[in-house]
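In: structure for the following, please:
(4 chains)
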2 protein chains.
Amino acid sequence: MKDAKNVTITDSEWMVMRAIWTMGHATSRELIDAMNELEGWSASTTKTLLHRLIQKQAVSQHGGSRPFTYKPVVGEKESMAAAADDLFDHMCAMRAGSTIAGVIQSRELSRADIANLQAILAEKAKTAPEEVQCNCLPGDQTC
Amino acid sequence: MKDAKNVTITDSEWMVMRAIWTMGHATSRELIDAMNELEGWSASTTKTLLHRLIQKQAVSQHGGSRPFTYKPVVGEKESMAAAADDLFDHMCAMRAGSTIAGVIQSRELSRADIANLQAILAEKAKTAPEEVQCNCLPGDQTC
DNA sequence: GTTAAGAGGCTACAAACGTAAACTTAGAAT
DNA sequence: ATTCTAAGTTTACGTTTGTAGCCTCTTAAC
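Out: Residues are numbered from 1 along each chain as shown, chains lettered A, B, ... in the order given. Here you go, the predicted model:
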């Protein structure tokens, strides 16, 4: 999974990011407690992950003195978009449509989300091609 | 990334699966050549990946004698759906809508794909909730 | 000023991954 | 039957990931 800066964020790290994103900002103590409750992780595990996220510059440390505060550097929305794009980049372009269809069916979406998607689709329909080409093999064959 | 059987298929393995899916079935020679052209991999690398895929039962070996034929065991469509679901499972439910919106915007979709998505959305709109709850932290707070 | 407790940092270690070399075996050519 | 070669198998090795222990400061309390 890639984040907004196109750095790889692992699954475990992603869990920590979710907590930070939701809290807005947090101390390590808060993160440790949240992760322990959510995933059963030991304090060390959360600390390690937090450190790796700082190194990757996905999270920043604030407040001059010791109980530091941690804040997300990369945005949740952008990171999710980047991760989703990364996934679809590794898949056959021809299958994107049905994959998106599956996702829509299996997820809970609000009325506003649906209206938004409908608007985007209506717009996109204006310039949509008849067929999408398979991009899996050299020579551009069709799946 | 998870495949249709909920086994983890790594990024490299995914590349091989794409080739096999597109070809329908292939010999190791064909796969080796395709992967060399696509990714610049050595023959050994493709062989290793093919083996790991067989062990994971994502690919099967056919033909009694030596230039064996390899075929996908898991379907492309199902695997893509599983991988996409896996991704969204790790993300905040509240953000799924906008993430899907981003994907739709950045991907090429055919007229048929769009019509299909519109039909699904129209159906889904009938029972859509006003709000989706954040599922990031214990206590079910809202992001 | 001394000390204790918690925050932060360093080290660890097995499993998974990406990548590939080396070895073995079974058909193909002679 | 012998040998060559491509197909298949085993082994390898550095890096990343998941998970966590232990050491060292710093701040707060005495």
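
In: please export the C-alpha coordinates of the helix or strand hosting A:Q61 as PDB.
Out: Using DSSP states H and E, A:Q61 falls within strand A:59-62. Extracted as PDB, the C-alpha positions of strand A:59-62 are listed here (Å, rounded to 0.1, in the frame of the first residue of the first chain):
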ATOM      1  CA  VAL A  59       3.800  11.100  11.000                       C
ATOM      2  CA  SER A  60       5.500  14.000  12.700                       C
ATOM      3  CA  GLN A  61       6.500  14.700  16.300                       C
ATOM      4  CA  HIS A  62       5.400  17.900  18.000                       C
END
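
In: who are the neighbours of it, in terms of helices and strands?
Out: helix A:11-23, helix A:43-55, strand A:69-72 (3 or more C-beta pairs under 8 Å, 6 or more residues apart in numbering or on different chains; DSSP states H and E). From N, CA and C alone the C-beta is placed, and that goes for glycine too.

In: tell me which of these is the most buried.
Out: helix A:11-23 (a mean of 21; mean count of other C-beta atoms under 10 Å in any protein chain shown).

In: what residues does that helix touch?
Out: A:1, A:3, A:9, A:26, A:30-31, A:34-35, A:38-39, A:45-46, A:49-50, A:52-53, A:56, A:58-59, A:70-72, A:74, A:76, A:79, B:90-92, B:134, B:136-137, B:141, B:143 (C-beta atoms under 8 Å, 6 or more residues apart in numbering or on different chains).

In: could you tell me which of these count as buried?
Out: A:1, A:3, A:9, A:26, A:30-31, A:34-35, A:45-46, A:49-50, A:52-53, A:56, A:58-59, A:70-72, A:74, A:76, A:79, B:91-92, B:134, B:136-137, B:143 (16 or more other C-beta atoms under 10 Å in any protein chain shown).

In: out of those residues, who's near DNA strand D?
Out: A:45, A:49 (C-beta under 7 Å from any atom of the strand).

In: domain map for chain A?
Out: Chain A breaks down into these domains under automatic domain parsing: A:1-90, A:92-143.

In: start to end distance for the first one?
Out: Think domain A:1-90. Start and end residues of domain A:1-90 are separated by 11 Å (C-alpha to C-alpha, to the nearest Å).

In: JSON lines for the helices and strands packed on strand A:59-62, including distance to DNA strand C?
Out: Output for these, formatted as JSON lines (distance: least, C-beta to the nearest atom of the strand, whole Å):
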{"stretch": "helix A:11-23", "distance to DNA strand C": "10"}
{"stretch": "helix A:43-55", "distance to DNA strand C": "5"}
{"stretch": "strand A:69-72", "distance to DNA strand C": "8"}
